[in-house]
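> A predicted structure for the sequence below; I have some questions about it.
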Amino acid sequence: MQDEKIIDLFWERDEAAIREAQKKYHHYLKTVAYHILWNEEDAEETVNDAYFKAWRAIPPYRPIVLSAYLCKLTRQGAIDLYRAQTAKKRGGGEYTLTLDELKDCISEGNVTEENFSVRQLGETMEKWLQSLSKKDRVIFLGRYFYADSEEQIATYAGGTAASVKSRLFRLRKKLQMYLKKEGYMS
């Protein structure tokens, strides 16, 4: 079923919307959640929560791209659950690794809150991502948005896990330099 029709079902408050969204996107959303949480049950629960959040938000909100909207809800839910779980205990998983890898690119409070805007940072990141080659963009987003392992990225982007690791290192350095140039880091 086309996304527009699924969104129309949500809009009409027809429960078939959730069934159709599950048929089309469940595997994709569960993979996103699993790469953050590394737990099947938690990933499943997070995806189900994303469907419920979509049910509550549509209407009045009408997403332009249903897959991206559901992915965003799933990813946010998985990150929230991850943070709640790791507040009690520090654990592993790809999400922890991706945060550790990006720590040098994240400002440590050197920029005052008045000058710092999440929206501006998002626009800056978007410009930076657009400046990358398609392959670099796929590798960067695969790692830091979807929390895919280097081995998984190598499978769909080509190359070896070692070459992906090397490329990610160079991309983080480029990002760090770009953020310094834009005034987000000192």
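Happy to help now that I have it.
> all contacts plus neighbour counts: C-alpha atoms, from now on.
Will do.
> tell me, what residue is most central in this structure?
Phe145 (3.3 Å; Cα atoms, centre = their mean).
> from Gln2, how far out is it?
Summarising the geometry, the distance separating Phe145 from Gln2, computed by Cα to Cα, to the nearest Å, is 25 Å.
> Tyr178 now?
Following Cα to Cα, the distance that separates Tyr178 from Gln2 is 39 Å.
> higher neighbour count, the two?
Tyr178 (17 against 10; other Cα atoms under 10 Å).
> check which helices and strands the helix or strand where Ala17 lies sits against.
Counting by DSSP states H and E, the element that carries Ala17 is helix 16-37. Using 3 or more Cα pairs under 8 Å, 6 or more residues apart in numbering; DSSP states H and E, the elements in contact with helix 16-37 are helix 3-11, helix 40-57, helix 66-88, helix 94-102.
> just send those back as CSV, with mean pLDDT too.
Rendered in CSV, the data for those read as follows (pLDDT from 0 to 100):
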stretch, mean pLDDT
helix 3-11, 95
helix 40-57, 96
helix 66-88, 86
helix 94-102, 65
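> figure out which of those is closest to Arg172.
Evaluated with Cα to Cα, these place helix 94-102 nearest to Arg172, the distance being 6.9 Å.
> what are the phi and psi values for the nearest residue to Tyr69 once chain neighbours are set aside?
The spatial neighbour of Tyr69 that comes closest, neighbours along the chain excluded (Cα to Cα, 6 or more residues apart in numbering), is Pro63 at 6.4 Å. Backbone geometry at Pro63, expressed as degrees, to the nearest 10, gives phi -70, psi 150.
> circling back to that earlier point, would you mind measuring from the residue nearest to the centre of the chain to Trp11?
The separation that Phe145 has from Trp11, given Cα to Cα, amounts to 28 Å.
> ok, Glu4 - how many residues close by?
Here the number of neighbours of Glu4 (other Cα under 10 Å) works out to 14.
> ok, it - contacts?
When contacts are counted by Cα atoms under 8 Å, 6 or more residues apart in numbering, Glu4 is found next to no other residue.
> and the gap between it and Arg170?
Following Cα to Cα, the distance that separates Glu4 from Arg170 is 39 Å.
> repeat that for Val164.
Using Cα to Cα, which is the criterion applied here, Val164 is 10 Å from Arg170.
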